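> predicted model and sequence follow; I will ask about them next.
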Amino acid sequence: MAAHPLGRPAHGRRLPDAAGLGLAHRLGALAEHGVHVLCLSQLGHVLAIRSEKDSLFRIGFASNRLLLIAVVGTVLLQLATLYVPMLNPIFKTEPLDWDELAICLILSTAVFFAVEAEKWLVRRGLIYREG
């Protein structure tokens, strides 16, 4: 699958350069990236909130097999909307380059790690102390 050049939004028209720097923004693609980040963030969030205090790494990913199946299935469906050509026009998506997908995956982990950090602080009694 060919990479899409910068500056070509999802509807195919080239946007004007931003601030004369030669950098054109793909607003349609940014919105699409945002949807993928939000979807993946929610999956990380649902994994992280299984316990109010214990880390997911402590309780284990496979301790709730049905949830794990649901999360993996959702990730596979999300990837299918990107990389199965016949689904692209239905969902109005375009395949992401590997670097774009990596950025989406990295950004989507923020919620997971924020919840895990909060639980770490709770376990040490640094926040939400009853007094």
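The structure has been received and is ready for your questions.
> SS state for residue 89?
Counting by DSSP: H, G, I helix; E, B strand; the rest coil, the backbone at residue 89 sits in helix.
> tell me if residue 127 really is in a helix.
No - using three-state DSSP, the assignment for residue 127 is coil, not a helix.
> can you tell me the element the residue nearest to it when sequence neighbours are not counted falls in?
Leaving aside its sequence neighbours, residue 127 sits nearest to residue 121 (C-beta to C-beta, 6 or more residues apart in numbering; 4.7 Å). Just so you know, the C-beta spots here come from the backbone N, C-alpha and C atoms, and that holds for glycine as well. Element membership of residue 121, judged by DSSP states H and E, is helix 98-123.
> re earlier: tell me how far the residue nearest to residue 127 lies from residue 114.
According to C-beta to C-beta, to the nearest Å, residue 121 and residue 114 sit 11 Å apart.
> for the helix holding residue 121, buried residues please.
In terms of neighbour count (16 or more other C-beta atoms under 10 Å), helix 98-123 has its buried residues at 100, 101, 104, 107, 108, 111, 112, 115, 116, 118, 119.
> now do the last one against residue 111, distance only.
Taking C-beta to C-beta as the measure, residue 119 and residue 111 are separated by 13 Å.
> before we move on, which element is residue 58 in?
Residue 58 belongs to helix 56-59 when assigned by DSSP H and E.
> what packs against that helix?
helix 98-123 (3 or more C-beta pairs under 8 Å, 6 or more residues apart in numbering; DSSP states H and E).
> give me that answer again for 10 Å
Packing contacts for helix 56-59, counted by 3 or more C-beta pairs under 10 Å, 6 or more residues apart in numbering; DSSP states H and E, involve helix 27-48, helix 98-123.
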